[in-house]
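**Q** fold the stuff below for me.
(chains A and B)
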Protein chains: 2
Amino acid sequence: MRIGVLGTGMVGQAIATKLVALGHEVRMGSRSADNENAAKWTGEAGPDASHGTFADAAGFGELLFNCTAGLASLDVLRAAGAESLGAKVVVDVSNALDFSDGRPPRVGLGNADSIGEQLQREFPDARVVKTLNTVNCEVMVDPSKVPGAHDMFVCGNDESAKADVSALLESFGWPASHILDLGDITSARAVEMYVALWLCLRGVAETSYFNIHLVH
Amino acid sequence: MRIGVLGTGMVGQAIATKLVALGHEVRMGSRSADNENAAKWTGEAGPDASHGTFADAAGFGELLFNCTAGLASLDVLRAAGAESLGAKVVVDVSNALDFSDGRPPRVGLGNADSIGEQLQREFPDARVVKTLNTVNCEVMVDPSKVPGAHDMFVCGNDESAKADVSALLESFGWPASHILDLGDITSARAVEMYVALWLCLRGVAETSYFNIHLVH
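**A** Numbers count the residues shown, from 1 in each chain, chains lettered A, B, ... in the order given. All right, here's what the predicted structure looks like:
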């Protein structure tokens, strides 16, 4: 599949590299077509990798990953443009972390909105699926880095989009039985606010290779 | 130990009943001294149970549980009075759930404050420990209702207060190895915001007898 990855940071690189390894054609998008991180990644990732602007990557992909910083994501998708986004699946893995008032950082958009909802509202034709933001980027693409049973969440309004994303997650190594559908895109609040607990749990676990498991 | 339980709802009743069963003397506090729930509980719970105003219960207890609705808790503790609270351990199990804008509810106080911090700021001499708010009230006092390994969190500024509360949690049935210290009272934000995910996970689990386990 042709996939656009918006964002050139650690998360974008981890996702894009995994997708190429799985046989997808991947275009990494950034604010400028000559972004250094993106150019370096393209040089290393082989013939199925390319890079360009956010609009280039969004137009190229049949499915898109938003791997930009959550507080910038709305502007990034606006830069990509509604025409490029169309009715595509937009996998939103972003988190909004704001350390400007010190620690603990503010996470998400408070308790009455989320990045996922914000993107879905602005681009009603796109099919936003929130997922993967609850684990470290290496765990996102290799869940076996955390031993034993642990869970991944998907949130979104479109059932077929969630099915497509779940299939992609399975190809990343997430067992189907550990991909939990939390409901519509309003549940993106839950997984974005959870990141406050994630930060605390990282301190307890003393590693970034951890996750939570629903026990019942 | 003499313990004051502020709040007469399901959470207060579950905690107070467990404490009496464990041999503690418990006074349940409410806005009025003749609260029906409290009187009924006292009648059923035996000679170690009593009830009164918030100030009565707070004055009686060597340690206090705040089992009131989170958005009312600050007013409740003000009604109890700083003199009654003194330097006592205040175990804050409250959650702020606001359904006034529909579902999903707003949880907590947003992403820059928490009930736990609010109480600690208002009563700097009291030693607030946030815990138990991340599970159903029956699970709070009987963690074996959820099979297998799962975790409880404690947050607070005072190490000896957290040790006292952890000992109480152990007497409730929480194994010491599953009581995770998340840090100071600012981490109350993390466990209060987590409740948004708790509500989603209840839908997945299709039971209130569930919890999460930190896997690493």
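
**Q** helices of chain A, start to end?
**A** With DSSP state H as the definition, chain A shows helices at residue ranges A:10-21, A:36-45, A:54-60, A:70-80, A:82-85, A:115-122, A:137-141, A:159-172, A:188-205.

**Q** got these as TSV, with mean pLDDT columns?
**A** Formatted as TSV, the helices of chain A follow (pLDDT from 0 to 100):
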stretch	mean pLDDT
helix A:10-21	98
helix A:36-45	97
helix A:54-60	98
helix A:70-80	97
helix A:82-85	97
helix A:115-122	98
helix A:137-141	98
helix A:159-172	98
helix A:188-205	98
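
**Q** can I get these in a markdown table with distance to chain B?
**A** In short, each C-beta sits where N, CA and C put it, glycine included. Output for the helices of chain A, formatted as a markdown table (distance: least, C-beta to the nearest C-beta, whole Å):
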| stretch | distance to chain B |
| --- | --- |
| helix A:10-21 | 19 |
| helix A:36-45 | 29 |
| helix A:54-60 | 27 |
| helix A:70-80 | 12 |
| helix A:82-85 | 25 |
| helix A:115-122 | 10 |
| helix A:137-141 | 10 |
| helix A:159-172 | 13 |
| helix A:188-205 | 4 |
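
**Q** of those, which is nearest residue B:143?
**A** Closest to residue B:143 of the helices of chain A is helix A:188-205 (C-beta to C-beta; 17.9 Å).

**Q** list the helices and strands that closest one packs on?
**A** With contacts defined as 3 or more C-beta pairs under 8 Å, 6 or more residues apart in numbering or on different chains; DSSP states H and E, helix A:188-205 has these neighbours: strand A:106-107, helix A:115-122, strand A:127-131, strand A:152-156, strand B:179-183, helix B:188-205, strand B:211-215.

**Q** the longest one: how far from the chain's middle?
**A** What it means is helix B:188-205. 16 Å (C-alpha atoms, centre = their mean, to the nearest Å).

**Q** which residues belonging to that helix are considered buried?
**A** Buried residues in helix B:188-205, counted by 16 or more other C-beta atoms under 10 Å in any protein chain shown: B:188-201, B:204-205.

**Q** quick check: the farthest pair among the residues you listed?
**A** Farthest pair in those, by C-beta to C-beta: B:188 and B:204, 24.9 Å.

**Q** how about the helices and strands packed on helix A:188-205 in TSV, adding distance to residue B:88?
**A** Shown next, in TSV, are the helices and strands packed on helix A:188-205 (distance: least, C-beta to C-beta, whole Å):
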stretch	distance to residue B:88
strand A:106-107	31
helix A:115-122	41
strand A:127-131	42
strand A:152-156	39
strand B:179-183	20
helix B:188-205	18
strand B:211-215	28
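
**Q** quick one: which of the ones you listed is nearest residue B:4?
**A** helix B:188-205 (20.3 Å).

**Q** the inter-axis angle of the closest one versus strand B:152-156?
**A** Angle, helix B:188-205 to strand B:152-156, by axes from the mean of the first three to the mean of the last three C-alpha atoms, to 10 degrees: 160 degrees.

**Q** measure how helix B:188-205 sits relative to helix B:70-80, angle-wise.
**A** For helix B:188-205 against helix B:70-80, the angle by the same axes, to 10 degrees is 130 degrees.

**Q** and helix B:188-205, C-alpha only, in PDB?
**A** Only the C-alpha atoms of helix B:188-205 are listed here, as PDB (Å, rounded to 0.1, in the frame of the first residue of the first chain):
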ATOM      1  CA  ALA B 188      -2.900  12.700  41.200                       C
ATOM      2  CA  ARG B 189      -3.600  14.300  37.800                       C
ATOM      3  CA  ALA B 190      -2.500  11.100  36.200                       C
ATOM      4  CA  VAL B 191      -4.900   8.900  38.100                       C
ATOM      5  CA  GLU B 192      -7.800  11.300  37.900                       C
ATOM      6  CA  MET B 193      -7.400  11.700  34.100                       C
ATOM      7  CA  TYR B 194      -7.000   7.900  33.800                       C
ATOM      8  CA  VAL B 195     -10.700   7.600  34.800                       C
ATOM      9  CA  ALA B 196     -11.600   8.600  31.200                       C
ATOM     10  CA  LEU B 197      -9.900   5.500  30.000                       C
ATOM     11  CA  TRP B 198     -11.400   3.500  32.900                       C
ATOM     12  CA  LEU B 199     -14.900   4.400  31.600                       C
ATOM     13  CA  CYS B 200     -13.900   3.100  28.100                       C
ATOM     14  CA  LEU B 201     -12.300   0.000  29.500                       C
ATOM     15  CA  ARG B 202     -15.500  -0.800  31.400                       C
ATOM     16  CA  GLY B 203     -17.300  -1.000  28.100                       C
ATOM     17  CA  VAL B 204     -14.600  -3.400  26.700                       C
ATOM     18  CA  ALA B 205     -14.600  -5.500  29.800                       C
END
